[in-house]
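Participant: give me coordinates for this.
(one chain, ligands or ions: 3)
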Amino acid sequence: MSKPKKGVLLVNLGTPDSPSVPDVKRYLTEFLLDGRVIDIPAWRRSLLVRGVIVPFRAPKSAKLYRAIWDDNTGSPLLHYSVRQQQLLQERLSGEYHVELAMRYQNPSISRALARLKSMNLDSIRVIPLFPQYASASTGSVIDKVMELMRTWHTFPGVSFVNDFYENDLMIEVFAENALKHHPETYDHILFSYHGLPVRQLNDVEVSGTHDCEKAGCRQQIAEHNRYCYLAQCHATTRLLAKRLGLKETDYTVCFQSRLGKTPWVQPYTSDVLKDVAAKGKKRLLVFCPAFVSDCLETVYEVGTEYALEFKELGGEKVQLVESLNDHPKWITALEQLVYRDLPEWLQKDKLTV
Ligand SMILES: C=CC1=C(C)c2cc3[nH]c(cc4nc(cc5[nH]c(cc1n2)c(C)c5CCC(=O)O)C(CCC(=O)O)=C4C)c(C)c3C=C
Ligand SMILES: [Fe+2]
Ligand SMILES: [Fe+2]
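Facilitator: Ligands and ions are numbered 1, 2, ... in the order given. Down below sits the predicted model:
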């Protein structure tokens with residue numbers, strides 16, 4: 001077998017090593033001390049995270065993690081990420097070596113990079129597993145990889161995928177997963193994305209004064225707002241709505257998983273649940289297109305918490321559309337991301353479609 005010449009590094013967010021309180025504490029501490037996640041001065045962040053958020057949140061979060069933890073496969077996020085790495089490795093020729101890492105906790109980026117470094121590769125492509133760009137997710141992965149590689153003496157050609165919300169196959173898999181549930185039998189559809197503090201969007205334009213409402217981020221994506229998370233979430237939704245033949249009145253875009261008291265991007269999913277319940281809607285189909293793998297935020301927050309909340313508001317059913325997980329077309333989408341900047345004829349030639 002030929003020796004790999006090219007490396008691929010898949011990176012997702014991370015999950016605790018186990019649902020125990022100490023492991024959840026370690027995970028939350030590393031995650032929330034990241035200055036791209038809680039973007040306040042370091043001394044205030046440290047006091048807030050170590051003194052308030054982690055001590056109060058960890059026991060509650062550990063309980064939620066226990067609810068989604070599988071006896072055999074553990075955390076769904078890690079389980080599906082490992083599947084994605086294995087299946088992508090099978091698809092690519094022996095020229096490629098695929099590593100998986102998590103931004104926080106394990107498997108760590110530093111170990112994955114150490115293995116790639118030892119292989120003396122010609123190139124490394126880093127693929128943060130977030131379809132829409134945010135400084136708190138994709139930006140943080142790129143930042144960490146650059147920090148860890150800074151000490152290398154020689155460098156292969158390194159490239160980063162910064163977003164892939166437009167990827168046709170990714171859209172197709174979400175649509176196929178939804179079609180299994182017969183969307184026409186639901187009263188309304190939610191596209192529930194992970195939330196983000198509004199101030200984290202100011203810097204998506206070099207002026208540092210980006211304003212989503214003025215920039216029209218809910219209506220269009222163009223050169224001026226192409227790195228805006230909100231604009232990319234709406235663009236993802238328009239692509240899915242077009243694929244499924246939905247009218248604008250059939251669905252609502254909303255944002256979940258808010259943390260803290262500062263304003264986050266609106267509308268919040270919990271408020272939308274109240275609105276649709278008040279309008280007499282009984283059956284909801286919910287997409288979570290910011291997540292490529294099922295995780296706490298999809299399985300528990302949407303599938304359990306929001307489902308219960310909606311029933312208490314008079315609704316009948318909340319159906320989660322499963323994530324991309326290990327769908328073969330999603331693995332082909334990952335292949336496309338590996339080849340993305342190659343000339344078009346070469347990309348088509350290499351793909352397993
Ligand atoms: C889609 C990408 C993500 C962005 C952007 C993001 C921003 C962000 N998250 C928090 C706080 C928490 N997020 C938590 C879980 C979590 N977040 C993402 C993805 C994004 N986060 C995923 C995939 C997960 C699930 C991980 C899993 O193990 O299944 C959590 C921990 C869970 C909990 O205690 O509820 C927190 C906390 C902030 C503050 C933020 C943006 C600034
Ligand atoms: Fe998060
Ligand atoms: Fe915006």
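
Participant: going by C-alpha atoms from here, please, whenever you check contacts or count neighbours.
Facilitator: Noted.

Participant: how near is the residue in the stretch 1-150 of the chain that ligand 1 sits nearest to to His194?
Facilitator: Using Cα to the nearest ligand atom, the closest approach of the stretch 1-150 of the chain to ligand 1 is made by Thr15 at 3.6 Å. Distance from Thr15 to His194, counting by Cα to Cα, to the nearest Å: 16 Å.

Participant: neighbour count winner among those two?
Facilitator: Thr15 (25 against 19; other Cα atoms under 10 Å).

Participant: tell me the contacts of the more buried one?
Facilitator: Tyr27, Ser75, Leu77, Leu78, Met102, Tyr104, Gln105, Asn106 (Cα atoms under 8 Å, 6 or more residues apart in numbering).

Participant: and it, that's in a helix?
Facilitator: No. Thr15 is assigned coil when assessed by DSSP: H, G, I helix; E, B strand; the rest coil, not a helix.

Participant: show the model's pLDDT score for it.
Facilitator: Each residue has a pLDDT score; the one for Thr15 is 98.

Participant: what do you get for Glu205?
Facilitator: With respect to pLDDT, Glu205 has a value of 89.

Participant: which residues does it contact?
Facilitator: Residues in contact with Glu205 (Cα under 8 Å, 6+ apart) are His224, Asn225.

Participant: mind doing that once more with 7 Å?
Facilitator: Going by Cα atoms under 7 Å, 6 or more residues apart in numbering, Glu205 touches His224.

Participant: what ranges does the stretch 201-350 of the chain have for its helices?
Facilitator: 212-215, 229-244, 269-278, 307-312, 328-339, 344-350 (DSSP state H, counting those that start in this stretch).

Participant: can you redo the ones you listed as CSV with mean neighbour count and mean pLDDT?
Facilitator: Formatted as CSV, the helices of the stretch 201-350 of the chain follow (neighbours: other Cα atoms under 10 Å; pLDDT from 0 to 100):
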stretch, mean neighbour count, mean pLDDT
helix 212-215, 13, 96
helix 229-244, 21, 98
helix 269-278, 18, 98
helix 307-312, 17, 97
helix 328-339, 21, 97
helix 344-350, 12, 63
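
Participant: could you dump those helices to CSV with distance to Leu148?
Facilitator: Converted to CSV, these look like this (distance: least, Cα to Cα, whole Å):
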stretch, distance to Leu148
helix 212-215, 33
helix 229-244, 26
helix 269-278, 37
helix 307-312, 41
helix 328-339, 21
helix 344-350, 30
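
Participant: same list, those helices, but as TSV with distance to ligand 1 please.
Facilitator: Shown next, in TSV, are the helices of the stretch 201-350 of the chain (distance: least, Cα to the nearest ligand atom, whole Å):
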stretch	distance to ligand 1
helix 212-215	16
helix 229-244	8
helix 269-278	15
helix 307-312	16
helix 328-339	17
helix 344-350	27
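
Participant: to Asn167, which of these lies closest?
Facilitator: Of all those, it is helix 328-339 that lies closest to Asn167, at 7.1 Å by Cα to Cα.

Participant: off-centre distance for the closest one?
Facilitator: 16 Å (Cα atoms, centre = their mean, to the nearest Å).

Participant: from the contact counts, what lies against that helix?
Facilitator: Packing partners of helix 328-339 (3 or more Cα pairs under 7 Å, 6 or more residues apart in numbering; DSSP states H and E): helix 76-91, helix 168-179.

Participant: any chance of those helices in a markdown table, plus distance to Ile127 and mean pLDDT?
Facilitator: Shown next, in a markdown table, are the helices and strands packed on helix 328-339 (distance: least, Cα to Cα, whole Å; pLDDT from 0 to 100):
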| stretch | distance to Ile127 | mean pLDDT |
| --- | --- | --- |
| helix 76-91 | 11 | 98 |
| helix 168-179 | 14 | 98 |
